[in-house]
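Enquirer: Here is a sequence together with a model predicted from it:
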Amino acid sequence: MLATILVAGSFLASEKLAGIINPFSLTLLRFMGAALILLPIIFSNPRWRRSILPTLPRAMIISLFFSIFFICFFESLNITTALNTGTLYTLVPFITALLCMIAFRERITVKHVVVYLLGVAGTSWVIFSGQLDLLLSFSLNKGDLIFMAGVFFMCCYSISMKFLYRNDEMVVLVFCILVGGSLWMALALFFSSQTLQWDLLQGQSIYYMAYLVIGATLATVYIYQKTTIVLGPARVNAYIYLNPALVAVLLFLIDGASIPMAVVPGILISSIATVILQKSRVQENIVK
């Protein structure tokens, strides 16, 4: 829940930074800043230092999936809308559950499928603000297909966090993922021929960037890595259904923006779907 709240906050911070520097550079700074914070901690411990090289190859694969998601996301926004990407992102929990069947032989029942679809309906309700005409006008374009590829890689990122874990020192694994993400995003920035533009971050934008580095990157990568190993990718990604609702709540608490009554049913539906998925997964683990 903490990680989900932090991610919801990242939408607000990213919105404040939109248009100041290019998104590839923004993501590179997020990864690099978080890695640099961990750097002195890692190198102060001899055992952690020795763990870097054995851990780095697997972390590079994990971070590659994560980085490709961001690349697809930014590229898709050149063609499609944030509304479309927000809607398609609700498919992450369901696709992750399907991949878990293959990677970890987890069961997915008809009940699970119904609840996943309920979660998609609830979050879509919030995204479309309860306006049926917007929902009916929804159509896929080339940008949506690019983002769907990104959705698949985000699911692979979640799967790989558990599949490639080898009883690693958690802080070392997180550090290596952040280093890997920095390298992949640096390559993306290079091949896209975009500049860093970090000097444009001034005044209050520095605080928003600090939140993205510490709260939305360092903390969430650590929390998601740790919880994915324990809870599994399917359970962790089910919390995605709460993202639109949490963004609305944070907007209300921070900016005083009102929560339209039209989105309240969607918030309730997505919340119920998340609770049902968590309870059903817990019961299955108890049976096992």
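Expert: Alright, I've got the coordinates. Residues are numbered from 1 along each chain as shown.
Enquirer: Report the buried residues of stretch 11-26.
Expert: If you call a residue buried by 16 or more other Cβ atoms under 10 Å, then stretch 11-26 has these buried ones: 11-14, 17, 20-26. Heads up, the C-betas are built off the backbone N, CA and C, glycines and all.
Enquirer: Rebuild the residues you listed as a markdown table, extending it with distance to residue 39.
Expert: Converted to a markdown table, those look like this (distance: Cβ to Cβ, whole Å):
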| residue | distance to residue 39 |
| --- | --- |
| 11 | 28 |
| 12 | 28 |
| 13 | 23 |
| 14 | 24 |
| 17 | 24 |
| 20 | 26 |
| 21 | 23 |
| 22 | 25 |
| 23 | 24 |
| 24 | 22 |
| 25 | 20 |
| 26 | 20 |
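Enquirer: And the helix or strand bottoming out on mean pLDDT in the chain, what does it pack against?
Expert: Within the chain, no helix or strand scores below helix 264-287, which has a mean of 82 by mean pLDDT, DSSP states H and E. When contacts are defined as 3 or more Cβ pairs under 8 Å, 6 or more residues apart in numbering; DSSP states H and E, helix 264-287 packs onto helix 110-127, helix 233-237, helix 243-255.
Enquirer: Filter the buried residues of stretch 11-26 down to just the ones in helices.
Expert: If you go by DSSP state H, the buried residues of stretch 11-26 have 11-14, 17, 23-26 in helices.
Enquirer: quick one: which of the residues you listed is nearest residue 113?
Expert: Checking those against residue 113 by Cβ to Cβ gives residue 11 as the nearest, at 27.9 Å.
Enquirer: do you know how far the closest residue to that closest one other than its chain neighbours is from residue 254?
Expert: Counting by Cβ to Cβ, 6 or more residues apart in numbering, residue 11 lies nearest to residue 247, which is 5.2 Å off, once chain neighbours are set aside. Distance, residue 247 to residue 254, using Cβ to Cβ, to the nearest Å: 10 Å.
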